[in-house]
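A.B. asks: what would the 3D arrangement of this be:
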Amino acid sequence: AFSQTSIESETTMTSDTSGEEEDLGMADAMMVRGAYLRQLRAELAEADELERQNEEESSACDDDEDNDNDIILTLSNGRTRVLRYNSYLKHQRYYDDLKHVDCDYIDYGSGVVVKQEKEKGKGGLCWDAAFILAEHLIETGAIPNGSCSPDHDTTTIVELGAGTGICGLLLAKYVSCHVEITDLPSLLHLMQTNVDLNFGAQSTIDDLLSIE
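C.D. replies: Numbers count the residues shown, from 1 in each chain. So this is what the prediction gives:
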């Protein structure tokens with residue numbers, strides 16, 4: 001009886017020890033994995049920072065000094081700021097709408113100037129995507145009957161959520177088509193201002209002060 005009890009006790013102790021070792025093994029493995037993930041995150045962050053620095057250095061070397069900065073004109077009233085959009089594009093590796101939200105007007109060149117009103121939120125800003133869409137449609141001739149052939153009716157384009165109206169205004173300026181732009185009531189005055197600016201008698205930066 002004594003021998004059997006001793007064997008049972010020894011077996012129980014061995015089983016408990018084995019369980020503890022298994023738990024410790026899992027804990028160690030999790031700690032090792034956690035340390036590995038932390039090290040990986042640190043290495044990725046370091047690589048991202050290095051890449052950012054390299055891009056900045058490359059950009060500084062590739063661009064001429066005159067092209068490093070956006071050309072932003074301040075009109076004679078001392079507060080109205082006008083961005084020359086082409087100067088902005090010269091040194092951009094990607095489009096970044098937030099870089100020009102503080103400009104009152106954006107001069108897209110070729111007689112297209114659009115007013116922004118930052119206080120109206122997203123609808124009051126010129127989005128680069130709208131410019132890209134209009135540029136694509138113009139360059140590819142994607143608008144059917146855009147040439148106003150006498151054998152066809154003029155294409156009508158309706159832009160919903162037009163905001164400042166930049167996309168529709170560019171199409172109306174460069175493609176023979178009928179364009180209607182629309183958005184929330186709070187943005188109608190801004191759209192009308194930009195229509196008048198680009199299709200009315202006043203269509204140059206020098207005339208901007210007279211319509212404010």
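
A.B. asks: export stretch 126-137 as CSV, just CAs?
C.D. replies: Provided in CSV are the C-alpha atoms of stretch 126-137 (Å, rounded to 0.1, in the frame of the first residue of the first chain):
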residue,chain,number,x,y,z
CYS,A,126,-11.2,73.0,-55.0
TRP,A,127,-10.4,69.3,-55.0
ASP,A,128,-7.6,68.1,-57.2
ALA,A,129,-9.7,65.1,-58.2
ALA,A,130,-12.2,67.4,-59.9
PHE,A,131,-9.4,69.1,-61.9
ILE,A,132,-8.0,65.6,-62.9
LEU,A,133,-11.4,64.4,-64.0
ALA,A,134,-12.0,67.5,-66.2
GLU,A,135,-8.5,67.3,-67.6
HIS,A,136,-9.0,63.7,-68.5
LEU,A,137,-12.3,64.3,-70.2
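
A.B. asks: what residues of that stretch count as buried?
C.D. replies: Cys126, Trp127, Asp128, Ala130, Phe131, Leu133, Ala134, Leu137 (16 or more other Cβ atoms under 10 Å). The way it works is simple: take the backbone N, C-alpha and C, and place the C-beta from them, glycine included.

A.B. asks: isn't the fourth one right next to Ile166, touching?
C.D. replies: Yes. Applying Cβ atoms under 8 Å as the test, Ala130 and Ile166 come out as touching, 4.8 Å apart.

A.B. asks: give me the phi and psi angles of Ser76.
C.D. replies: phi -60, psi -20 (degrees, to the nearest 10).

A.B. asks: got a pLDDT number for it?
C.D. replies: Per-residue confidence (pLDDT) for Ser76: 71.

A.B. asks: also the one 3 residues further on?
C.D. replies: With respect to pLDDT, Arg79 scores 77.

A.B. asks: which residues sit in contact with Ile181?
C.D. replies: Val158, Glu159, Ala162, Gly165, Gly168, Leu169, Met191, Val195 (Cβ atoms under 8 Å, 6 or more residues apart in numbering).

A.B. asks: what's the answer for Gly163, then?
C.D. replies: Lys122, Gly123, Gly124, Leu125, Cys126, Trp127, Ala130, Asp183, Leu187, Leu190, Met191.

A.B. asks: change it to 7 Å
C.D. replies: If a contact means Cβ atoms under 7 Å, 6 or more residues apart in numbering, then Gly163 has Gly123, Gly124, Leu125, Asp183, Leu187 as its contacts.

A.B. asks: how about those residues, which pair is most distant?
C.D. replies: Leu125 and Asp183 (12.3 Å; Cβ to Cβ).

A.B. asks: take the buried residues of stretch 126-137 and lay them out in a markdown table including distance to Asp102.
C.D. replies: Below are the buried residues of stretch 126-137 laid out as a markdown table (distance: Cβ to Cβ, whole Å):
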| residue | distance to Asp102 |
| --- | --- |
| Cys126 | 12 |
| Trp127 | 15 |
| Asp128 | 15 |
| Ala130 | 18 |
| Phe131 | 18 |
| Leu133 | 24 |
| Ala134 | 23 |
| Leu137 | 28 |
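
A.B. asks: mind checking which of the contacts of Ile181 are in strands?
C.D. replies: Val158, Glu159 (DSSP state E).
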